[in-house]
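>>> sequence and computational prediction follow.
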Amino acid sequence: ASGGNDRPREVAVKVLHHSRPNGEEFLNEVVSIGRTSHVNIVTLLGFCLEGSRRALVYEYMPNGSLDRYIYSGDDPGAAAALGWEALHEVAAGIARGLEYLHEGCSTRIIHFDIKPQNVLLGAGLRPKIADFGMAKLCSPQESILSMADARGTIGFIAPEVFSRGFGVISTKSDVYSYGMLLLEMVAGRSNVKAY
């Protein structure tokens, strides 16, 4: 792809092979990210919708996802690249991104899938929240959401999202997931094995 000044630009393309039949995941990403502009949110550059083929074009993030750096068992060299100061900066950047989604947008966006795999690292290890396939948009006046289905990833999903008996769904559901992400960053390992 080329930028405004005709220089080649590296991009990342996400092809949705197993998207929900009604295209909800694709629409969530296009509509939610299309409403954002923040240094800690990945930039959507374009998309393709041709028949059943769906693809999203994002800015390229040269350092990959956060999970590569915090799960020390996978690649000790990559884990050693992040010291405590860098981890702190990454954690603060993710928090700023979440604050923007919850309070800074004209439409409040609840991500519902905050986890290391959905935090991408750009140049200088600047973190950017990505993958808005499970996101829910609501007006800033709405503090409580009603939803028909649970969204999220085991180990990061807030209890109230999994079962309404635990409370109401709100932006605090993302805060819970963020807390679980912090625990994994500090421990350097996964807290939950899905199996």
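That came in fine, so what should we check first?
>>> any idea of the mean pLDDT for the helix or strand where Glu99 lies?
For Glu99, the host element (DSSP states H and E) is helix 84-99. On average, the pLDDT along helix 84-99 is 95.
>>> list of residues touching it?
Residues outside helix 84-99 that contact it (CB atoms under 8 Å, 6 or more residues apart in numbering): 38-41, 66, 70, 82, 111, 114, 119, 121, 125-129, 174-175, 178, 181-182, 185-186. Quick note: C-beta positions are derived from backbone N, CA and C, even for glycine.
>>> can you name the next helix or strand after that helix?
Defined by DSSP H and E, the subsequent element after helix 84-99 is strand 108-110.
>>> quick one: low-confidence parts of this protein?
Filtered on pLDDT under 70, the chain yields the residue ranges 1-6, 18-22, 72-81, 140-150, 164-165, 189-195.
>>> how far out from the middle of the chain is the helix holding Glu99?
13 Å (CA atoms, centre = their mean, to the nearest Å).
>>> got it, and stretch 98-115?
10 Å.
>>> export it as PDB, just CAs?
Provided in PDB are the C-alpha atoms of stretch 98-115 (Å, rounded to 0.1, in the frame of the first residue of the first chain):
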ATOM      1  CA  LEU A  98      -9.100   1.900  27.500                       C
ATOM      2  CA  GLU A  99      -9.800   5.300  29.100                       C
ATOM      3  CA  TYR A 100     -10.200   6.800  25.600                       C
ATOM      4  CA  LEU A 101     -12.500   4.000  24.500                       C
ATOM      5  CA  HIS A 102     -14.700   4.300  27.600                       C
ATOM      6  CA  GLU A 103     -14.600   8.100  28.100                       C
ATOM      7  CA  GLY A 104     -13.000   9.900  25.200                       C
ATOM      8  CA  CYS A 105     -15.000   8.800  22.100                       C
ATOM      9  CA  SER A 106     -18.300  10.300  21.000                       C
ATOM     10  CA  THR A 107     -19.600   6.700  21.200                       C
ATOM     11  CA  ARG A 108     -18.500   4.700  24.200                       C
ATOM     12  CA  ILE A 109     -16.800   1.500  23.100                       C
ATOM     13  CA  ILE A 110     -16.400  -1.600  25.300                       C
ATOM     14  CA  HIS A 111     -13.800  -3.900  23.900                       C
ATOM     15  CA  PHE A 112     -14.700  -7.200  25.700                       C
ATOM     16  CA  ASP A 113     -11.500  -9.000  24.700                       C
ATOM     17  CA  ILE A 114      -8.600  -7.200  26.500                       C
ATOM     18  CA  LYS A 115      -5.700  -9.800  26.600                       C
END
